[in-house]
Every structure is written in C-alpha cells, then in structure tokens.
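Visitor: Build the 3D model from these lines:
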Amino acid sequence: MSEDEDITEPPLTDELDLHHFVPREVGDLVTEYVHAAHAAGMRRVKLIHGKGTGALRRTVHAALDRHPLVASYRMADDRSGWGATVVELNDESGSSL
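Guide: Below you'll find the model as predicted:
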C-alpha cells in the first residue's frame with residue numbers, strides 16, 4: 001500500500017462481533033461503538049460476545065450499565081441466545097424509546 005492510499009474503516013452496522021478484539025479493549029470499544037451507532041441514528045444494536053465463560057458478556061454489560069445513551073439491554077432472543085446482547089439506545093433528546 002502506498003502512502004497516498006487512504007485507509008478506510010469498515011462501515012458501521014447495527015451489529016458488532018466482539019470475538020475479533022482483545023478482551024481488555026472491549027469495554028472502551030463498546031462505549032465508542034454505542035456513541036457512533038447513536039450518532040448514526042441507530043436505536044437498536046446487537047453486540048455479539050459469545051457464550052464461553054461469561055467473562056466477556058459481563059464486561060459488555062458493565063460498559064452498558066455505565067453508558068448514558070443506553071436505555072436498556074437484554075440477551076438476544078434469536079439463534080445467538082446467550083451469545084449476544086440487544087441494546088436499545090435513547091433517542092436524540094436522551095430519553096428512552
């Protein structure tokens with residue numbers, strides 16, 4: 001890649017798979033992702049953390065508990081089940097939908 005080529009970021013979607021990230025970075029990543037998703041107008045997102053021992057899920061939920069843009073969250077009720085969390089975001093005014 002030459003210096004003149006732009007590095008592009010992947011498009012922001014309503015689903016984030018956390019399996020590809022270092023566990024110690026997940027809390028900050030979730031915080032940044034929720035901000036970006038909210039700014040993009042998304043009101044519901046899914047965070048895929050896997051089932052495993054539950055450590056990553058607890059990290060994700062702790063970050064969501066502290067986030068002012070999170071109205072609520074719950075375990076996904078689709079085929080991902082306990083391996084994903086669905087997050088409802090506040091609307092623009094900061095109130096929950």
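
Visitor: The nearest residue to Lys46 once chain neighbours are set aside: what's it in contact with?
Guide: By the measure of Cβ to Cβ, 6 or more residues apart in numbering, the closest residue to Lys46 outside its immediate chain neighbours is Glu15, 4.6 Å from it. Placement of C-beta: from N, CA and C, glycine included. Glu15 makes contact with Val45, Lys46, Leu47, Ile48, according to Cβ atoms under 8 Å, 6 or more residues apart in numbering.

Visitor: Next, the last one: phi, psi?
Guide: Same thing as Ile48. Backbone torsions of Ile48, given as degrees, to the nearest 10, read phi -100, psi 110.

Visitor: Could you list every helix and strand in contact with the top helix by length along the chain?
Guide: The longest helix of the chain (DSSP state H) is helix 26-39. When contacts are defined as 3 or more Cβ pairs under 8 Å, 6 or more residues apart in numbering; DSSP states H and E, helix 26-39 packs onto strand 15-17, strand 44-48, helix 55-66, strand 84-89.

Visitor: could those be laid out in JSON lines, adding mean pLDDT and distance to Asp78?
Guide: Shown next, in JSON lines, are the helices and strands packed on helix 26-39 (pLDDT from 0 to 100; distance: least, Cβ to Cβ, whole Å):
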{"stretch": "strand 15-17", "mean pLDDT": "95", "distance to Asp78": "11"}
{"stretch": "strand 44-48", "mean pLDDT": "96", "distance to Asp78": "9"}
{"stretch": "helix 55-66", "mean pLDDT": "95", "distance to Asp78": "16"}
{"stretch": "strand 84-89", "mean pLDDT": "96", "distance to Asp78": "8"}
